[in-house]
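A.B. asks: Return a 3D structure for these sequence lines:
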Amino acid sequence: MKIAVVGAGAMGSVYSGFLGDAGHEVWVVDTWREQVDAIRERGLRVAGASGDRIVRVHATTGPSEIGEAELVVIATKAIAGEVIGDRAEVRPRVAEQVDPGCEQEQTANRSLGGDQR
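C.D. replies: Predicted structure coming up:
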């Protein structure tokens, strides 16, 4: 499954590492160029109770580089508006990434954990 994870902080990195380790095609999106470059060059290190490993995932500062993703995980702090924008603007963009042919509001609600309407 092709998965985009928006945010390469602590939680975004954990999600990306575990999903990548499970065999998914993972794309990490972040505005922090140095972090993106480090992930590209050295991989993503995941360490903890499940072990210590380096996972190879894709990383970019430009979401348009990803193309269509089957799942988008938003892993930013609520205050990270500069990364993902206002929620009203994010929902349609998430919907377009997850399912380009689906009604945007319904897909965005489903992908962001909202109602199913």
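
A.B. asks: so who does the residue nearest to residue 11 when sequence neighbours are not counted touch?
C.D. replies: Leaving aside its sequence neighbours, residue 11 sits nearest to residue 75 (C-beta to C-beta, 6 or more residues apart in numbering; 4.8 Å). The C-beta positions use only the backbone N, C-alpha and C, and glycine is treated the same way. Residue 75 sits next to 5, 6, 7, 9, 11, 12, 15 when contact means C-beta atoms under 8 Å, 6 or more residues apart in numbering.

A.B. asks: switch to 6 Å and redo it
C.D. replies: 5, 7, 11, 12, 15 (C-beta atoms under 6 Å, 6 or more residues apart in numbering).

A.B. asks: which one among the residues you listed gets closest to residue 52?
C.D. replies: Within the contacts of residue 75, the smallest distance to residue 52 is 17.3 Å, found for residue 15 (C-beta to C-beta).

A.B. asks: Pull out the buried positions in the host helix or strand of the closest one.
C.D. replies: If you go by DSSP states H and E, residue 15 is part of helix 10-21. For helix 10-21, burial by neighbour count (16 or more other C-beta atoms under 10 Å) applies to 12, 13, 15, 16, 17, 19, 20, 21.

A.B. asks: again with stretch 35-52
C.D. replies: 35, 36, 39, 43, 44, 46.

A.B. asks: Start from the N-terminal end of this structure and give the helices.
C.D. replies: Secondary structure of the chain (DSSP state H): helices at 10-21, 33-42, 81-84, 87-98, 104-111.

A.B. asks: Run through who's touching the first one.
C.D. replies: When contacts are defined by C-beta under 6 Å, 6+ apart, helix 10-21 is touched by residues 3, 5, 26, 28, 44, 46, 55, 57, 73, 75.
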